[in-house]
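**Student:** here is a sequence with its predicted model. Questions after.
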Amino acid sequence: MSIGASFLGGAKSRLLPPSIPFRFFSAAAVFHVLMWLGLLAAANEAVSFRGGPGPALSAVHLLALGVLVTTAIGASVQLLPVATRRTLHAVWPVKLVFWLTVPGMIALVAGMYTAWVNLLIPAAVVVGTGLMLFGVLLADNLRRASSLPVVGAYGWAALAALVLVASLGVTLAVNEEVGILPDHGAVALAHLVLGGFGFMGLLVLGFSHILVPMFALSSAPPKRPSSAGFVIALVALVLGTLGALVNNREVLAAAALIGLLAAVMHLWLMYRVLKTGMRKRLGLSFVLVRVAWIMLPATLLIGLAALYGFAGTNGATLFGFMLLFGWLLTFLVAILQRIMPFLASMFVTPPARGGTAIVAELSGAPALKIHAICHALALLTLAIAIILDSAAIFRLGSAVGLVGALAFAWFTADVIRRMLPANPS
Amino acid sequence: MTCARPAGTPRMWRTADAVHIDVRDLEPPEPMIAILRAIDEGEVDTALIAHLDREPIFLYPELDDRGWGHEILPSSCASPNCEDGVMLRMVRWGS
């Protein structure tokens, strides 16, 4: 048996079939396009969005659920079993997660767009069920992750946040019909904090401890400061959630300050990883990663300023925008453009030289350059639009973002096209 | 070869036909880094056999970039999916 053939057999035994992660990544790429379309259509409302059903809320959830959560599920189910050495016993639960969450998300954003509670509530329950099933799969893998204590700690905390954010999401949907919550806005802010900084944020911070060193060819960050950073981030999250629920500005401010400390520690650890890495030229994806890293403390500073009225009339909107678009979306598209060609390379024939060719050819793809430029321009334009409360500028920024999302969808399709002839499963 | 797992830093030794590196029990991505360092620093003049406790899928593109081929060897547990580890043989193309 040739070296290449035996390698392919080994890799396939431990990787999921490519259709599994790529169905999540493809859905995320489509939701990405729909999200920018939604913002374009809802510019008048979105530029000063504070919550409540309507087109802006549906666009926000196209991003939060459609792009961010879908990407996180696809990456987690593929990469965690490899890292923890725990092969999934069956693929059907992951497929079921897809068929619950993705159609559920489509129904949910439709319900939000139309403010039709008869669609909104069952869709929220279906998405929540899918996320809980994903949570079970994640927990099953995390309990085997004893060799990755820091990643495991972030994973467990993210899982707890997922349960809470999904529960609050269903409660908010039900509240649209029966009005059970005394302060809908407070619960909605807690939902944002738990979803953005909790589930997604903790997953991003945790996975960074393994993915960034792998890309930079560096040792993992030292355990003690990493663990300290995790504890500080968790304290900030708990305080932020409680502060939102009880609507207490001082508690929220304390959460933001502690969160800033956690962010600075994380960035310092990542800086050390890059500085000591064997690979210095990290390409376009790490330009976006660096932008995302700047956005993390910037988000917390803007949140702090908004609490005390120093961020303008749309300070709260700017905070949510920086969190979801500036930090999380930028980071995830950066990582996604890195791991998709890599995963595709594992399934081409012959795997050795063919795989390398895919990674090399796609790392500098024109579509990625167009996406990066449009993404950065859209971030800047939308931030200016929110500060100036200008729907016209917001519309312009959304159009630029849409062009970037289309380029990213093209890139995703190109990756899949190169992989399909070798493995049609 | 036994399935014993020394803790701590990677251990290297030489046999007649290969240089061996044991990176079991190291936390990812340390196994990959240790293997690439051994290759990049010219410590391997024949084949390199790595003893790992998980398949290093992120390593493969790096080996390709450096002109090295790779194959999974049958482990002491007689299965490529042996929970006790993976043995990966790497050779420079053309050698």
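**Tutor:** Perfect, I can see it now.
**Student:** any idea how far A:Gly243 is from the residue of the stretch 201-350 of chain A found nearest chain B?
**Tutor:** Using CB to the nearest CB, A:Met214 is the residue of the stretch 201-350 of chain A that sits closest to chain B, at 4.5 Å. (Glycine included, C-beta is placed from N, CA and C.) For A:Met214, the distance to A:Gly243 (CB to CB, to the nearest Å) stands at 36 Å.
**Student:** before we move on, back to that, skipping its backbone neighbours, what lies nearest the residue of the stretch 201-350 of chain A closest to chain B in space?
**Tutor:** In space, and not counting its chain neighbours, A:Met214 is closest to B:Pro29: 4.5 Å by CB to CB, 6 or more residues apart in numbering or on different chains.
**Student:** the one you found: neighbouring residues, count only.
**Tutor:** 25 (other CB atoms under 10 Å in any protein chain shown).
**Student:** I figured it hits A:Ile210, correct?
**Tutor:** Yes: with contact defined as CB atoms under 8 Å, B:Pro29 and A:Ile210 form a contacting pair (6.7 Å).
**Student:** okay, and the common contacts of the two?
**Tutor:** A:Ala220 (CB atoms under 8 Å, 6 or more residues apart in numbering or on different chains).
**Student:** kindly list the main-chain dihedrals of B:Glu71?
**Tutor:** Backbone torsions for B:Glu71, taken as degrees, to the nearest 10, come to phi -150, psi 150.
**Student:** that's a helix at A:Arg23, yeah?
**Tutor:** Yes: judged by DSSP: H, G, I helix; E, B strand; the rest coil, A:Arg23 forms part of a helix.
**Student:** does it touch A:Thr101 like I think?
**Tutor:** No: contact between A:Arg23 and A:Thr101 fails when scored by CB under 8 Å: they sit 10.9 Å apart.
**Student:** helices along chain B, start to end?
**Tutor:** B:30-40, B:59-65 (DSSP state H).
**Student:** tell me the centre residue of chain B?
**Tutor:** B:Ala50 (1.8 Å; CA atoms, centre = their mean).
**Student:** quick one, what contacts the closest residue to it other than its chain neighbours?
**Tutor:** Among residues not flanking B:Ala50 along the chain, B:Leu88 sits closest, at 4.6 Å (CB to CB, 6+ apart). Residues in contact with B:Leu88 (CB under 8 Å, 6+ apart) are B:Ile49, B:Ala50, B:Leu52, B:Glu55, B:Pro56, B:Leu59, B:His70, B:Glu71, B:Ile72, B:Leu73.
**Student:** now those residues in a markdown table, with pLDDT and distance to A:Ser227?
**Tutor:** As requested, the contacts of B:Leu88 are exported to a markdown table (pLDDT from 0 to 100; distance: CB to CB, whole Å):
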| residue | pLDDT | distance to A:Ser227 |
| --- | --- | --- |
| B:Ile49 | 93 | 34 |
| B:Ala50 | 93 | 29 |
| B:Leu52 | 87 | 25 |
| B:Glu55 | 77 | 27 |
| B:Pro56 | 81 | 25 |
| B:Leu59 | 86 | 27 |
| B:His70 | 89 | 34 |
| B:Glu71 | 88 | 38 |
| B:Ile72 | 85 | 34 |
| B:Leu73 | 84 | 36 |
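**Student:** which of the residues you listed lies closest to A:Ala139?
**Tutor:** B:Glu55 (23.0 Å; CB to CB).
**Student:** ok, the closest one - how many residues close by?
**Tutor:** Neighbour tally, B:Glu55, other CB under 10 Å: 22.
**Student:** the one 3 residues further on too?
**Tutor:** By other CB under 10 Å, 21 other residues sit near B:Phe58.
**Student:** residues contacting B:Thr46?
**Tutor:** Counting by CB under 8 Å, 6+ apart, the residues that B:Thr46 touches are B:Asp17, B:Ala18, B:Val19, B:Val91, B:Ser95.
**Student:** phi, psi of it?
**Tutor:** According to degrees, to the nearest 10, B:Thr46 has phi -120, psi -140.
**Student:** distance check, the closest residue to A:Pro53 other than its chain neighbours against B:His70.
**Tutor:** Among residues not flanking A:Pro53 along the chain, A:Ala115 sits closest, at 3.8 Å (CB to CB, 6+ apart). Counting by CB to CB, the gap from A:Ala115 to B:His70 is 56 Å.
**Student:** tell me which of the two has more neighbours.
**Tutor:** B:His70 (21 against 15).
**Student:** what bridges to the more buried one?
**Tutor:** Beta-bridge partners of B:His70, counted by DSSP bridges, are B:Met90.
**Student:** tell me the residues of chain B that contact chain A?
**Tutor:** B:25, B:27-30, B:32-33, B:36-37, B:40, B:53-55, B:57-58, B:60-62, B:64-65, B:69-72, B:80-81, B:83, B:86, B:91 (CB under 8 Å from any CB of the partner chain).
**Student:** between A:Arg23 and A:Thr101, which one's more packed in?
**Tutor:** Remark: of A:Arg23 and A:Thr101, A:Thr101 carries more neighbours, 26 against 19, as counted by other CB under 10 Å.
**Student:** ok, now how distant is that one from chain B?
**Tutor:** Taking CB to the nearest CB, to the nearest Å as the measure, A:Thr101 falls 26 Å from chain B.
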